[in-house]
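A.B. asks: Fold the stuff below for me.
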Amino acid sequence: MNPTPKWLEQLVKLPDIDINLKTFGGHKQRVSQGWCAPQETHFAFEIMMIIDGEQRTIFEGRQFDFVANDVILIPPGTAHENTCLVAEGLEYFCMHFDLDDPEIQQQLLMYCPLLLKKTNPAYQAIVAILQQYIAFLASGYFGMKEKIAIEILLLELMRALLDYVEDEKNQLAHTDNTSLVLAKAIAESIQQNFRTYTQCPTEENKALLSMSYTANSLNISNSTMLTVFKKVYASSPKQYLDQLRFNQAKFYLHQPKLTIAEIAEIIGYQNAAHFTRQFKKWANISPNKYRKFQLEATK
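C.D. replies: This next block holds a predicted model:
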């Protein structure tokens, strides 16, 4: 390979981009009172918009009621159940998207709540993109140009979600809400500890994955950490760590040179069997099947 000329090194260059981003399962449906989508988990993010009516969602054991124009973002590997309890029925749009960039995944997990805030400046842009997806469904025709347009919409959706994240970060920097600030600090600590461990997955570093380690580093009790974190994120700190592990595992499964045993070790599991059992709980499929599915999808 020829050396890079000095004049070229001094230029500002566009970054190399290699992000695997896909969408699937997008559909719109109107259902009547009594409809129920039984508890399920997905290996991808699920984004939903309530078009009309009211939906009840059981998310990690907690109950939420959503109405028209609400936008819901369900993290991967999270058990949830949707029902329609109102006489007028329910109309909704939903789709799944998956990406192999752990940093973006972590940003979405940390700063995008289950119910996206209508006060966030990016909210209207997200709604507008979802409405364009619905318009494509109404046409019912998906030629090459339409497929490219749908893929462009996915990129626009990711940018809008990252705009949402950026505004949440800015709001947090100026908030005086003690619970919110502490919950974000807990999430950042768990994230940093996990990142440090994956870079050096030794027996000595396994303490970094302990919830007690995180609580002690922030000078709070385990019970305080659990209460505050659940109040903000509607899930436990341990579940948040599991989300990070799941996302990182998916990223590594895109790299065929890594064995399942090596991935298990990197994200903090004792052996491949333990990791495989946990991955099945997250994604409803084994790591090997997930890897095969991803490889076939890229052919």
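
A.B. asks: Can you name every helix or strand that the one helix or strand residue 109 maps to contacts?
C.D. replies: In the assignment (DSSP states H and E), residue 109 maps to helix 102-111. Applying 3 or more Cβ pairs under 8 Å, 6 or more residues apart in numbering; DSSP states H and E, we find helix 102-111 packed against helix 144-173, helix 178-199, helix 237-253. No exception for glycine: its C-beta is placed from N, CA and C like everyone else's.

A.B. asks: For residue 44, which non-adjacent residue is spatially closest?
C.D. replies: Leaving aside its sequence neighbours, residue 44 sits nearest to residue 98 (Cβ to Cβ, 6 or more residues apart in numbering; 3.8 Å).

A.B. asks: And the pLDDT at the one you found?
C.D. replies: We have a pLDDT of 90 for residue 98.

A.B. asks: do the same with residue 220
C.D. replies: pLDDT recorded at residue 220 is 95.

A.B. asks: what's the answer for residue 19, then?
C.D. replies: Per the predicted model, pLDDT is 75 at residue 19.

A.B. asks: what are the ranges of the strands in this structure?
C.D. replies: 21-31, 36-40, 45-59, 62-67, 71-74, 80-83, 90-99 (DSSP state E).

A.B. asks: just checking, what packs against the last one?
C.D. replies: What it means is strand 90-99. So strand 90-99, by 3+ Cβ pairs under 8 Å, 6+ apart, packs with strand 21-31, strand 45-59, helix 123-139, helix 144-173.

A.B. asks: For residue 245, which of these is the nearest?
C.D. replies: Residue 245 lies closest to strand 45-59 among these, at 16.0 Å (Cβ to Cβ).

A.B. asks: Tell me the strands beside the closest one, with direction?
C.D. replies: strand 62-67 (antiparallel), strand 71-74 (antiparallel), strand 80-83 (antiparallel), strand 90-99 (antiparallel) (DSSP bridges).

A.B. asks: Let me have these in a markdown table, adding distance to residue 34 as columns.
C.D. replies: Output for the strands paired with strand 45-59, formatted as a markdown table (distance: least, Cβ to Cβ, whole Å):
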| stretch | distance to residue 34 |
| --- | --- |
| strand 62-67 | 16 |
| strand 71-74 | 21 |
| strand 80-83 | 8 |
| strand 90-99 | 10 |
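
A.B. asks: Pipe these into JSON lines and attach mean neighbour count per row.
C.D. replies: Listed next are those as JSON lines, based on neighbours: other Cβ atoms under 10 Å:
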{"stretch": "strand 62-67", "mean neighbour count": "13"}
{"stretch": "strand 71-74", "mean neighbour count": "20"}
{"stretch": "strand 80-83", "mean neighbour count": "18"}
{"stretch": "strand 90-99", "mean neighbour count": "20"}
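
A.B. asks: Go through those and name the closest to residue 183.
C.D. replies: Comparing the strands paired with strand 45-59 by Cβ to Cβ, strand 62-67 comes nearest, at 15.5 Å.

A.B. asks: That closest one: how far from the chain's middle?
C.D. replies: Centroid separation between strand 62-67 and its chain, computed with Cα atoms, centre = their mean, to the nearest Å, is 19 Å.

A.B. asks: re earlier: please work out which of the helices and strands packed on strand 90-99 is packed deepest.
C.D. replies: A comparison of the helices and strands packed on strand 90-99 by mean neighbour count, using mean count of other Cβ atoms under 10 Å, puts strand 45-59 on top with a mean of 19.

A.B. asks: residue closest to the middle of the protein?
C.D. replies: Closest residue to the average C-alpha location of the chain: residue 75 at 4.1 Å, with Cα atoms, centre = their mean.

A.B. asks: so that one touches residue 45, yeah?
C.D. replies: Yes. Between residue 75 and residue 45 there is a contact under Cβ atoms under 8 Å: 6.4 Å.

A.B. asks: related to what we said a few turns ago, mind checking the strands of the chain for the one nearest to residue 262?
C.D. replies: strand 90-99 (22.0 Å).
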